[in-house]
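S.K.: after the sequence you'll find the predicted model.
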Amino acid sequence: MGNTNDPYELSEGVPSVEVFRRLRTDAGLSDKDPAAVALALPNTWHGVLLHHEGEPVGMGRVIGDGGTAFQVVDICVHPAHQGRGLGRRIMAALTDELERRAPATAYVSLIADGPARFLYEKFGFADTATHHSIGMYRVMEGNDGSVGNHGSSGPHTVPGGSPHP
């Protein structure tokens, strides 16, 4: 940023559903249902996109209630562009925005996969176990994984009217 020879451009925003899914899967993260992504992206508190020669190659988002709780999510960089400090640039942009706009008493969390924890530690994130707590999660897995399926047993109707067992 500021370097005219830098082939990467970091900008505020969120990707399209298709780009979001591609960036996640290209980086080895799990794919997400397109309908779920379409619901999620407009609820981003702050997002950044990283482009290389006009092509999106990385992203990151902060989600939350805007006051007490935030979560850093979807940090990813295409493998062909990894190892160049780009994840650090994405995290710096997100944490700068959190420091600028989030209340001082806000709780900011994230899930660190593998060695990414070392990047996040550089931005002040710590293992929750050092604070006598553990991180927990639950994946909402319904019968078919579609949006609107809340894991109820028996047939139900999804948007579009088709019944699914």
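M.R.: Looks like it arrived, so ask away.
S.K.: on the three-state scheme, residue 57 is what?
M.R.: strand (DSSP: H, G, I helix; E, B strand; the rest coil).
S.K.: look up the closest residue to it, ignoring the ones flanking it.
M.R.: residue 78 (4.3 Å; Cβ to Cβ, 6 or more residues apart in numbering). Any C-beta I mention is one placed from the backbone N, CA and C, and that applies to glycine too.
S.K.: what's the distance between that neighbour and residue 38?
M.R.: Using Cβ to Cβ, to the nearest Å, we find residue 78 at a distance of 22 Å from residue 38.
S.K.: tell me what residue 71 is bridged to.
M.R.: Per DSSP bridges, residues listed as beta-bridge partners of residue 71: residue 63, residue 109.
S.K.: circling back to that earlier point, how close does the residue nearest to residue 57 sit to residue 19?
M.R.: 11 Å.
S.K.: so for the two, which sits in the more crowded spot?
M.R.: residue 78 (18 against 14; other Cβ atoms under 10 Å).
S.K.: and the more buried one, what does it touch?
M.R.: 23, 26-27, 57-58 (Cβ atoms under 8 Å, 6 or more residues apart in numbering).
S.K.: now residue 36: which helix or strand?
M.R.: Here residue 36, judged by DSSP states H and E, is contained in helix 34-40.
S.K.: quick one: mean pLDDT over that helix.
M.R.: If you average the pLDDT over helix 34-40, you get 98.
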